[in-house]
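Visitor: Only the shape, not the letters, is given here:
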DNA sequence: GCCAACGTTGGC
DNA sequence: GCCAACGTTGGC
């Protein structure tokens, strides 16, 4: 089982939106970065756990936990000319972009802010807190997962 | 709203 | 294959 942090802007799609979705499940689509695409396509599997991270908000940070509930499959939004994430270079025959379904598991007892993550000595080298990191999905080790969980307990 | 960081595009 | 221009992300 792999562990991840997945970022989304709460103004666009936040933890509350996921919790309110049917069965608490929704498609994590719209990824248009090759590094992130590769992580989804090659390493995400059903049963993986993921922190839900609110980006581009004040304060940014980890707010909840979800579970990957599908294998990777071609991102249908890439095929839809009316979609914001339409990419004519991706076709059903040769899909360029991938997505997974995720299910809401829980809200954390309290948000763990980016600042707290940065200030935590046990998280040194964690890619999420690297300056200039722009990947919307980041792998998390079991140890890092436990540290973040503990921070969320307050 | 600003701007640093970084990915992508396209001319050459 | 280099690199400048441009667009986007995302913290602040």
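Guide: Okay, I see it. Computed from a predicted model, the values in this text were never measured in an experiment.
Visitor: How about the longest strand seen in chain A, which residues are buried there?
Guide: Of all segments of type strand in chain A, defined using DSSP state E, the longest is strand A:98-113. Using 16 or more other C-beta atoms under 10 Å as the burial criterion, the residues of strand A:98-113 that qualify are A:98-104, A:108, A:111-113. For the C-beta atoms, the positions are set from N, CA and C on the backbone; glycine is no exception.
Visitor: same question, stretch A:70-87
Guide: Buried residues in stretch A:70-87, counted by 16+ other C-beta under 10 Å: A:70, A:72, A:74-79, A:85, A:87.
Visitor: hang on, the earlier thing: what pairs with the longest strand of chain A, parallel or antiparallel?
Guide: Sheet partners assigned to strand A:98-113 using DSSP bridges are listed as strand A:25-28 (antiparallel), strand A:61-68 (antiparallel), strand A:73-74 (antiparallel).
Visitor: Next to DNA strand B, which bits of chain A? Give me the list.
Guide: For chain A, the residues in contact with DNA strand B (C-beta under 7 Å from any atom of the strand) are A:33-35, A:130-134.
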